[in-house]
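Visitor: Can you look at this prediction? I've put the sequence above it.
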Amino acid sequence: MYFFGNNFVSRLHYSFRRFVAMCGIAGLVDERLGTSDIADVGARMLEIMAHRGPDHRGTWATPPVFLGHNRLSIIDLSSGSNQPMTDVGLTITYNGEVYNYLELRSELERDGYSFRTSGDTEVILNAYHRWGPSCVERFIGMWAFAIWDEAKRELFCSRDRFGIKPFHYIERDGRFHFASEIKGLRVSPLYRGGINESQVARGLYLGWMQHWEETYFTDIKALPASHNCVWKNGTLRIWSYADIDTSTQNTSSFEENSSAFRELFVDAVQLTARRDVPMGICLSGGLDSTSIASVLASSTDEHSIKTFTAFYTGKGNVDERPYIDHVLAKYPQISPHYISPTDTDVAQAFDRVTWMMDAPMPSSSYISQYFVMQLASQHGVKVVLDGQGSDEIMGGYMHSLYRVIADKIRSGDLSGAVREVNAHATRQGYGVRRKLDIVAKSLLSASRDEPALYAMEFARTYPWIMAQPAASYPIHLEMPSGPRLNAFLYNLVRVTLLPTLLHTEDLNAMAFNIESRVPFLDHRLVQLCFSMPNEHKVHLGETKRVLRAGMRGIVPDAVLDRKDKTGFITPGHIAWLRGQLSHLLEGDWKELDGYVVRPELMKVLAGYRRGDNRNALFVWRLAMLRAFLRTI
């Protein structure tokens, strides 16, 4: 079932109040626990996730089943929308938002269903009653939920198409426990505490915080994005309900695709901006978040749009305010708010950020994100829009260029490949050496598939320091049909990068009782981008080409025409570990025995202490792994 596989995937234009259930969920089906024990276990799971929903805590316990819910009220503050909710013989605990619930509700009413609330939770229950597990194929939005069907004596669970909302579980010996966050399961009696060594290696050398269903804990699994599961009679069955079509290419012109992109993106931003509580935007000076802010300012009647930005003075290009100034000049209704975390601020927040993440942080940028969410909370914001997903669906990373050139090589268009190399080198001011590097990596991309390329990267990343060869730690990537660029982007979305970005986005937002929404991951927009020819995404050195063209006239030219890509930069790798976090590098590092060769590790640390920054990111990951292992 592809994302466009049903008639509910159409342009949405809604004008209504919506109940948003951005919360924390937990539950279990456990024949070994009686009434008091099952309630006690469930209460502990909810308590450790209290930050996800401070407004109401609800429980439903009918052994062997417990369902629990921590509610963050965004719209419809009445007690009638509290969860868990029971209707038509079904009980649900739900975190998320189904955007098209009014259309679904109308269809269900025509089929004879009646409703006592105005929110989407009851719609989900009735949709499941009417259509069964296939109901989620009709949903547009983000969700993680569990429904207990008393008549069938089974638990149905589902997670949205991209894993925007989290769902983790433990299953053992005919027992099933689940929670929004990993920490919710670490207080479960099923948790035994084993460390997943393969995931430790992936995190250390590749920067992945999860890998499909695998987490850092051998006991705890993640329900993958776009998957459902059913727990019945002590057995778990998992299946995928949707996927991205990587092979079907549209024949529209670049101008037509740019126009279609603009129309869909504006619709997605307007859709995610609906709420009845204060909202803001996480804004850098980059193209993605600036596009969201500019669309919101230009296409709605918002009179004061709050934006939130982290910057670091004296750190060169980690201060994006000059680009933000161009946005402010064009849209005076934007009200900017800034935070510049000091080393002391970072040191004081470090333990909580580490605890929130449930995994080692592969980059210091997630600490900056934490402070941005803190700033938004201080200004009373309960909903933020963020730019996650744009690079992954439109080729925003350098490796996208290698795949574009690879596609030209594989098709025999060698002159086109040369033009791409030269154009990118000219745009970035590269010399001969960098051009040869592009050629070499493009040839590799042309001759090897995605799994082989990532296996090579894994094997060549600090091989002298690995305690075991990379082949000891399995990685699983897909090689879908279609262009090489689409295969690369598909794995970015499904496997390698986006799952980590969404994991940290959710946890950092929820640390401050904030709901995060990501307009670029409207699945209609995602499928449109995958259906476009390569050159509409990356062409002659220009990345995210369709976004730049679609936003021309909306986003300031100074941002559209930026040639650099800085990402969410922080001074963490360079400064923080040499400042008030320097204690993280002290000691004999015995905690990492079995994962690294300690003498080689000590050489890397010694070089870093002398001012060598070549391995700075790796040193950060080593320090974060060590800090994480000390907490478990």
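Guide: Done, it's in. Residues are numbered from 1 along each chain as shown.
Visitor: CA atoms for contacts and neighbours, from now on please.
Guide: Noted.
Visitor: How about residues contacting the helix or strand hosting residue 329?
Guide: In this structure, residue 329 sits in helix 321-330 according to DSSP states H and E. Outside of helix 321-330, the residues within contact range by C-alpha atoms under 8 Å, 6 or more residues apart in numbering are 283, 284, 285, 286, 290, 294, 311, 334, 555, 556, 558, 559.
Visitor: Nearest to residue 571, out of the residues you listed: which one, please.
Guide: The closest of the contacts of helix 321-330 to residue 571 turns out to be residue 311 (C-alpha to C-alpha; 9.8 Å).
Visitor: Next one: the closest one from residue 357, what distance?
Guide: 22 Å (C-alpha to C-alpha, to the nearest Å).
Visitor: before we move on, what about residue 96?
Guide: 20 Å.
Visitor: Show me what counts as buried in the strand or helix carrying residue 606.
Guide: Assigned by DSSP H and E, residue 606 falls within helix 598-609. Neighbour counts using 16 or more other C-alpha atoms under 10 Å place 598, 601, 604, 605, 608 of helix 598-609 among the buried residues.
Visitor: Of those residues, which is the nearest to residue 385?
Guide: Nearest to residue 385 among these, with distances taken as C-alpha to C-alpha, is residue 608, at 36.8 Å.
Visitor: who's in contact with that closest one?
Guide: Contacts of residue 608 by C-alpha under 8 Å, 6+ apart are 615, 616, 619.
Visitor: Out of the residues you listed, which end up buried?
Guide: 616, 619.
Visitor: how about the contacts of residue 608 in JSON lines, adding distance to residue 451 and secondary structure?
Guide: Output for the contacts of residue 608, formatted as JSON lines (distance: C-alpha to C-alpha, whole Å; DSSP: H, G, I helix; E, B strand; the rest coil):
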{"residue": "615", "distance to residue 451": "25", "secondary structure": "coil"}
{"residue": "616", "distance to residue 451": "27", "secondary structure": "helix"}
{"residue": "619", "distance to residue 451": "26", "secondary structure": "helix"}
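Visitor: which SSE is the most centrally placed residue in the chain in?
Guide: What sits nearest the mean C-alpha location of the chain, by C-alpha atoms, centre = their mean, is residue 502, with 1.5 Å. Take DSSP H and E as the rule and residue 502 turns out to sit in helix 498-510.
Visitor: what residues does the helix or strand following that helix touch?
Guide: For helix 498-510, the following helix or strand on the C-terminal side (DSSP H and E) is strand 515-517. The contact list for strand 515-517 (C-alpha under 8 Å, 6+ apart) reads 22, 272, 382, 383, 384, 385, 386, 505, 506, 509.
Visitor: So in that sheet, which strands flank strand 515-517, and in what orientation?
Guide: strand 383-385 (parallel) (DSSP bridges).
Visitor: so who does residue 173 touch?
Guide: Residues counted as contacts of residue 173 (C-alpha under 8 Å, 6+ apart) are residue 234.
Visitor: Go again with 10 Å.
Guide: 30, 190, 234, 235 (C-alpha atoms under 10 Å, 6 or more residues apart in numbering).
Visitor: Keep only those of those that are in helices.
Guide: Judged by DSSP state H, helices contain none of the contacts of residue 173.
Visitor: Please produce a ChimeraX select command covering the buried subset of those.
Guide: Written as a ChimeraX command, the selection of buried residues from the contacts of residue 173, which uses 16+ other C-alpha under 10 Å, is:
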select :30,190
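Visitor: the helices in the stretch 451-600 of the chain, which residues?
Guide: 484-491, 498-510, 523-531, 545-550, 557-560, 598-609 (DSSP state H, counting those that start in this stretch).
Visitor: Out of these, which one sits most buried?
Guide: Mean neighbours per residue, mean count of other C-alpha atoms under 10 Å, is largest over those for helix 484-491, with a mean of 25.
Visitor: quick revisit: now do the contacts for the residue nearest to the centre of the chain.
Guide: If a contact means C-alpha under 10 Å, 6+ apart, then residue 502 has 162, 163, 164, 165, 166, 388, 389, 508, 516, 518 as its contacts.
Visitor: buried ones in stretch 346-355?
Guide: For stretch 346-355, a neighbour-count test (16+ other C-alpha under 10 Å) marks 346, 347, 353, 354 as buried.
Visitor: Is it possible to get TSV of these that adds secondary structure?
Guide: Output for the buried residues of stretch 346-355, formatted as TSV (DSSP: H, G, I helix; E, B strand; the rest coil):
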residue	secondary structure
346	helix
347	helix
353	helix
354	helix
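Visitor: Same list (those) but as JSON lines, adding pLDDT and distance to residue 460.
Guide: Converted to JSON lines, the buried residues of stretch 346-355 look like this (pLDDT from 0 to 100; distance: C-alpha to C-alpha, whole Å):
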{"residue": "346", "pLDDT": "94", "distance to residue 460": "32"}
{"residue": "347", "pLDDT": "95", "distance to residue 460": "33"}
{"residue": "353", "pLDDT": "97", "distance to residue 460": "30"}
{"residue": "354", "pLDDT": "95", "distance to residue 460": "28"}
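Visitor: export these to CSV and tack on distance to residue 550?
Guide: As requested, the buried residues of stretch 346-355 are arranged in CSV below (distance: C-alpha to C-alpha, whole Å):
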residue, distance to residue 550
346, 38
347, 42
353, 37
354, 39
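Visitor: Which of those sits closest to residue 115?
Guide: Using C-alpha to C-alpha, these come closest to residue 115 at residue 353, 41.1 Å.
Visitor: got the residue ranges for the strands in the stretch 201-350 of the chain?
Guide: Under the criterion DSSP state E, counting those that start in this stretch, the stretch 201-350 of the chain contains strands at 221-222, 227-232, 235-240, 279-282, 305-310, 334-339.
Visitor: Nearest to residue 537, out of those strands?
Guide: strand 279-282 (24.1 Å).
Visitor: which strands and helices sit next to that closest one?
Guide: helix 287-299, strand 305-310, strand 334-339, helix 365-378, strand 383-385, strand 515-517 (3 or more C-alpha pairs under 10 Å, 6 or more residues apart in numbering; DSSP states H and E).
Visitor: Could I have the CA atoms of the first one written out in PDB?
Guide: It stands for helix 287-299. Extracted in PDB, the C-alpha atoms of helix 287-299 (Å, rounded to 0.1, in the frame of the first residue of the first chain):
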ATOM      1  CA  LEU A 287      16.100  27.200   4.000                       C
ATOM      2  CA  ASP A 288      13.900  24.700   5.700                       C
ATOM      3  CA  SER A 289      12.700  26.500   8.800                       C
ATOM      4  CA  THR A 290      12.700  29.800   7.000                       C
ATOM      5  CA  SER A 291      10.400  28.400   4.400                       C
ATOM      6  CA  ILE A 292       8.000  27.400   7.200                       C
ATOM      7  CA  ALA A 293       8.100  30.800   8.800                       C
ATOM      8  CA  SER A 294       7.700  32.600   5.500                       C
ATOM      9  CA  VAL A 295       4.800  30.500   4.400                       C
ATOM     10  CA  LEU A 296       3.000  31.000   7.700                       C
ATOM     11  CA  ALA A 297       3.600  34.700   7.600                       C
ATOM     12  CA  SER A 298       2.600  35.200   4.000                       C
ATOM     13  CA  SER A 299      -0.400  32.900   3.800                       C
END
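Visitor: shouldn't residue 129 be in contact with residue 150?
Guide: No. Using C-alpha atoms under 10 Å, residue 129 makes no contact with residue 150, being 11.7 Å away.
Visitor: out of those two, which sits in the busier spot?
Guide: residue 129 (17 against 14; other C-alpha atoms under 10 Å).
Visitor: that's a helix at the more buried one, yeah?
Guide: Yes. Secondary structure assignment (three-state DSSP) places residue 129 inside a helix.
Visitor: No further queries at this time; thank you.
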